[in-house]
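have a look; sequence and predicted model below, questions after that.
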Amino acid sequence: MRSTLLIARRELGAYLRSMTGYVIAALVLAIDGVFFQAFVMSGADKLSSQVLSGFFEIAGGVTMVSSVFISMRLLAEERQTGTLVLLTSSPVRDSEIVIGKFLSALVFLGMITLATVYIPALIFVNGKVSFGHMAAGYIGLLLLGSASLAVGTLGSALARTQVLAAIFSGCMMAALVVCWMLGRVTERPFSDIFATIALWQKHFPAFQAGQIHLRDVFFYLALTYLALFGATRVMEARRWR
């Protein structure tokens, strides 16, 4: 546990010391703000709850995309620079390396996500929203971000370079997102399976509407575990080559 926290602290410091981390944070905040103004605030008058739901819909998409770029450096950078050998030869387990790096990315994404609270706070200027709705939406964003980062960590473990890591992670994320489309054009039981594993369409709208369902929480936590388990196995397989 101590080794995991040390790795997480080291990696989080790398995000905060590098220009890349601040560029990603600035882009996320800017895109959330611009899309919120362009697609949510425009048009006919809307209820405050509808405006807030629209914000979480936009933030969910931005969170998934940003997770790909945040996680692409986690393990691929170590392999690209040749420092992965030194890291794996140290007295730490592969699971501690993977979890430590994942936690650093999750904390960094959490900081960016919480920084967007100023956007729904603007609704209070001319409207009124439920704090429970906001809390449920942000819990959903963090769970969605956790699952997306775990998939990105797996992609980073598979790749030799950061560019390949972004491509692998993006492809896996896209496959999980479009599963709901396959669920609409296939017959049961395949339609139920595809709909269940859809990353966004099946499980995030409830959080977006201010509701928390245990099945959705379980799905995101289970996907996080499976992706990190896969990344750990990739690391172990590479160690014994």
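Looks like it came in fine. Numbering: from 1, shown residues only.

look at the residue nearest the centre of the chain and report its pLDDT.
Residue closest to the average C-alpha location in the chain (C-alpha atoms, centre = their mean): G145, at 2.4 Å. You'll see G145 listed with a pLDDT of 94.

just use 5 as the starting number from now, easier for me
Sounds good: first residue 5 from here, last item G149.

report the buried residues of whichever helix in the chain runs longest.
Secondary structure assigned by DSSP state H gives helix 135-162 as the longest helix of the chain. Under the neighbour-count criterion of 16 or more other C-beta atoms under 10 Å, helix 135-162 has 137-138, 140-142, 144-162 buried. Yep, even glycine has a C-beta here, placed from its N, CA and C like the rest.

one step back: isn't the residue nearest to the centre of the chain up against S71?
Yes - assessed by C-beta atoms under 8 Å, G149 is found in contact with S71 at 5.8 Å.

the chain: helices as residue ranges?
6-21, 23-39, 52-75, 80-85, 88-93, 98-119, 122-125, 127-130, 135-162, 166-181, 183-189, 194-200, 208-212, 218-243.

tell me the mean pLDDT for stretch 75-85?
Stretch 75-85 shows a mean pLDDT of 81.

name the residues of that stretch that are buried.
Those would be 75-84, for stretch 75-85 by 16+ other C-beta under 10 Å.

with respect to A226, which of those is nearest?
Set against A226, the nearest of the buried residues of stretch 75-85 by C-beta to C-beta is S75 (18.4 Å).

that closest one against A163, yeah?
No - taking C-beta under 8 Å as the definition, S75 is not a contact partner of A163, at 10.8 Å.

for the two, list the residues in contact with both.
Counting by C-beta atoms under 8 Å, 6 or more residues apart in numbering, the shared contacts of S75 and A163 are A169.

from one end of stretch 159-173 to the other, what's the distance?
End-to-end distance for stretch 159-173, by C-alpha to C-alpha, to the nearest Å: 5 Å.

and the contacts of it?
In contact with stretch 159-173 (C-beta under 8 Å, 6+ apart) are residues 71-73, 75-81, 83-84, 102, 155-156, 158, 174, 176, 234-235, 238-239.

many thanks, we can stop here.
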